[in-house]
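Participant: My questions concern the predicted model and sequence given below.
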Amino acid sequence: MARMSTSAPTRRALQTAAVGVGAVTGAAVGGGLAAAAWFARSVLTPDPRRPDDVHVLAVGPDTVTFGAAAETVVPGLYGLWLDGGEGHARVGEVVEQDAHAVVRRLVATDRGRLRPGGARWNQYWYWDSPRVSLGIAHHDVTVVGEDGPLPAWLVEPERSNGRWAVLVHGRGALREECLRAVPTLRRLGYTCLVLSYRNDIGAPSAPDGRYNLGLSEWRDLEAAMLYAVEHGARGLVLGGWSMGGAIILQTLHRSTVGDVVEAVLLDSPVVDWGDVISHHARLHHLPRVLEVAGTTMMGRRGARRLVGVHDPVDVAATNWVTRADELTHRMLLQVSVDDEFVPAGPALTLAAIRPDVVTLERWDTARHCKEWNLDPSRWEESVTDFLSRS
C-alpha cells in the first residue's frame, strides 16, 4: 500500500495516538498509521453507494445473458437491481455458459425495464416490502431504539404458535435480505418482525455514524425483542445474516431478555470479527503490522478521533470461538465453505467445539449469505427440522 501524506499537525496527532495504541503500532507511525486508521474506518463506516456490479449483455423473451463473473455463474435464484435500484428483475438457473458469458432463465421483471448495460446483483431475491415482494399482508411498525424510532415490518401467520421470529440483516444490507426466511417461519406459525437498526436507511444514525460490529447494535435488537414480548410473544427465535449474526451473538450474552430466546438461526454469520478483518486486510494487501495497528486502534480510547468512533470497539469481544463456553442457546449455523466475505473457519470451529448447542448445515458453492438462493428447499427443510426439535 502506498504511503499516505499527512500535514504536520496530523502527523503530531498520529504520533500522539500511537503512544496510546501501544508498541504494536510503533512501526506504523506517520503515513503508515494513517493507513491503519483508514483501514479501521473502512471497516466501521457505512457506505451508502450501491454501484452496478454485473453487466447484462442481452435480454431475450425468457433469458438474460450476463458477462461471466463470480456472481453470475453461481447456480440458484437471484435478483437484479436495475436503473440505480428503481427497477428489479429475477433470474433463475443457468441455461448455458462459457468463459465469457452466462445465460440464465428470466423469472420475472418486477418493475422497470430490463435491458443491456450495467446492473447490480441482488442476493436477497426479494426487492420490496412483504406485501409487494411476497404478496403477504404486513404492518409497518416502529420499534423505539435508544437513538430513535426504528422502522420494522410485522408479518403475522395464518395460525400463530404464540412465538415470534425477529430477523436481522447484515452489514450494509437492507431489511429485504431477511424476507427469504419469512414464508417458512410464517408457515410454522411464527409472527415475523423484520428489524432495521442504527445507520440503516430510514433509521437513526449511531452517535458516531459508525458500525460497532454488534457491540452497540445489539441494543436495537433488544428493543425489538422487548417489543415482541410486550405484544404477546411467548418465546422468540432470532435469525441473522452476516453481521446480523454478530449482533445476535452479542444480544444473547448481554440482553436482560435473552432467556426468552428459544432458538437461533444464523446464515453466514460473523463469529469472529478479527478473522474477517484479517481476511479483508489480505485482500487489500495491507501489511500485517498495519492490520494489527488498525484493529488495535478501534479498541483504544485514545485513538477514537482517528478512527471516528464514539466508543472503543473491542474486536476481541466479538470472538465467539474463544468465548464458546458462554453460549447457551440452541443455534443452527448455515455456512458455505467458499464464503468470500466472511471466511467459514470460525463458524466451523465453533460448531466443532460446541456440538451440544450448535447444529451445522455445511454448504459449498453458496458463497456469502446465498445458502437459500442456491437451494431454497434444502434451506427451508433445515430450518423446519431444526425448529421442530425446539
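Facilitator: Great, that's in hand. Worth saying up front: this structure is predicted, and the values here are computed from it rather than measured. Residues are numbered from 1 along each chain as shown.

Participant: how about the strands in this structure?
Facilitator: Assigned by DSSP state E, the chain shows strands spanning 54-59, 63-67, 78-82, 87-97, 101-111, 117-122, 139-145, 148-155, 163-168, 191-195, 235-241, 261-267, 331-336, 358-363.

Participant: What's the local residue count around the nearest residue to Gly84 once chain neighbours are set aside?
Facilitator: The shortest distance from Gly84 to any non-neighbouring residue, by CB to CB, 6 or more residues apart in numbering, is to Arg50 (7.8 Å). (Each C-beta comes from the backbone N, C-alpha and C, glycine too.) By other CB atoms under 10 Å, the residues close to Arg50 number 12.

Participant: For Glu340, give me its contacts.
Facilitator: Contact partners of Glu340, counting by CB atoms under 8 Å, 6 or more residues apart in numbering, are 70, 367-368.

Participant: what's the distance between it and Gly239?
Facilitator: Separation of Glu340 from Gly239 (CB to CB, to the nearest Å): 22 Å.

Participant: same question, Leu333
Facilitator: According to CB to CB, Leu333 and Gly239 sit 12 Å apart.

Participant: list the contacts for the residue nearest the centre of the chain?
Facilitator: Computing the C-alpha centroid of the chain and ranking residues by CA atoms, centre = their mean puts Gly170 first, at 1.8 Å. Neighbour list for Gly170: 177, 240-245, 268, 369 [criterion: CB under 8 Å, 6+ apart].

Participant: TSV for these, including pLDDT?
Facilitator: Shown next, in TSV, are the contacts of Gly170 (pLDDT from 0 to 100):
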residue	pLDDT
Glu177	98
Gly240	98
Trp241	98
Ser242	98
Met243	98
Gly244	98
Gly245	98
Ser268	98
Cys369	97
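
Participant: What segments of this protein are helices?
Facilitator: For the chain, the helices defined by DSSP state H cover 8-21, 31-44, 130-133, 182-187, 218-230, 243-254, 273-283, 288-299, 304-307, 345-353, 371-374, 376-388.

Participant: Near the nearest residue to Asp62 once chain neighbours are set aside, how many residues? Count them for me, please.
Facilitator: Among residues not flanking Asp62 along the chain, Leu106 sits closest, at 5.3 Å (CB to CB, 6+ apart). By other CB under 10 Å, the residues close to Leu106 number 19.

Participant: per-residue pLDDT, Leu106?
Facilitator: Residue-level confidence at Leu106 comes out at 98, pLDDT.

Participant: isn't it right up against Thr65?
Facilitator: No: using CB atoms under 8 Å, Leu106 is not in contact with Thr65, being 10.1 Å away.

Participant: so what's in contact with those two at the same time?
Facilitator: Joint contacts of Leu106 and Thr65 (CB under 8 Å, 6+ apart) are Val59.

Participant: Show me what the residue nearest to Asp62 is bridged to.
Facilitator: Val91 (DSSP bridges).

Participant: what about it, distance to Val292?
Facilitator: Shown here: Leu106 relative to Val292, a distance of 48 Å by CB to CB.

Participant: tell me the domain boundaries of the protein?
Facilitator: Per automatic domain parsing, the domain ranges recorded for the chain read 1-44+273-315, 54-122, 130-272+319-388.

Participant: wait, doesn't Glu371 sit right on Thr365?
Facilitator: No: judged on CB under 8 Å, Glu371 makes no contact with Thr365 at a distance of 9.6 Å.

Participant: need the contact list for the closest residue to Val141 other than its chain neighbours.
Facilitator: Among residues not flanking Val141 along the chain, Leu154 sits closest, at 4.8 Å (CB to CB, 6+ apart). By CB under 8 Å, 6+ apart, the contact set of Leu154 is 138-141, 191-194.

Participant: swap in Leu150?
Facilitator: Residues near Leu150 by CB under 8 Å, 6+ apart: 142-144, 195-198, 200, 203-204, 220, 223-224.

Participant: What of Leu387?
Facilitator: Residues near Leu387 by CB under 8 Å, 6+ apart: 188, 237, 263.

Participant: Considering these, which possesses the most neighbours?
Facilitator: Highest neighbour count within the contacts of Leu387: Val237, with 26 neighbours (other CB under 10 Å).
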